[in-house]
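A.B. asks: here are the coordinates; sequence isn't available:
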């Protein structure tokens, strides 16, 4: 099923929708006929409004956006660098296992280890190719 085109509704349309629903006891469907807002969108706006503790109108506030901070600190960097010096052919899977064994309670994806090594430790990682075993025929 394809999505329809996105529409932007003006704050006046949204405010009119809530005035009709809250103050004049219109249903969401009846209010959409007056305001020109899609029925599903209006129902979603009303549901969002009812579920919000502070009762803020949708679109009138910015949602807080936070990225999770990296769990890898200098202590982890030092451990990773020491392990790589001892075993330069270590894979990211092996590094993840070693870090999680050394520092209990740490749960971190392989991609985070890769990004940490590249950005913080200034590593350049190469993809390795699988070595094919050659059969030696004894005549």
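C.D. replies: Done, it's in. Worth saying up front: this structure is predicted, and the values here are computed from it rather than measured.
A.B. asks: contacts, neighbours, all on C-alpha from now
C.D. replies: Fine.
A.B. asks: domain-wise, how is the protein divided?
C.D. replies: If you go by automatic domain parsing, the domain ranges for the chain are 11-51, 74-119.
A.B. asks: which of those domains comes out lowest on mean pLDDT?
C.D. replies: The minimum mean pLDDT among the domains of the chain belongs to domain 74-119 (a mean of 86).
A.B. asks: first-to-last residue distance for that domain?
C.D. replies: The first and final residues of domain 74-119 sit 13 Å from each other (CA to CA, to the nearest Å).
A.B. asks: make a markdown table out of the domains of the chain and add mean neighbour count.
C.D. replies: As requested, the domains of the chain are arranged in a markdown table below (neighbours: other CA atoms under 10 Å):
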| stretch | mean neighbour count |
| --- | --- |
| domain 11-51 | 16 |
| domain 74-119 | 14 |
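A.B. asks: and the ones you listed as CSV, adding distance to residue 126?
C.D. replies: Supplementary listing: the domains of the chain in CSV, determined by distance: least, CA to CA, whole Å:
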stretch, distance to residue 126
domain 11-51, 47
domain 74-119, 10
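A.B. asks: residue 125 is nearest to which of those domains?
C.D. replies: Proximity to residue 125, assessed across those by CA to CA, is greatest for domain 74-119 (7.7 Å).
A.B. asks: how close does residue 119 sit to residue 77?
C.D. replies: Here the distance between residue 119 and residue 77 works out to 11 Å (CA to CA).
A.B. asks: now swap in residue 51 and tell me
C.D. replies: Summarising the geometry, the distance separating residue 51 from residue 77, computed by CA to CA, is 43 Å.
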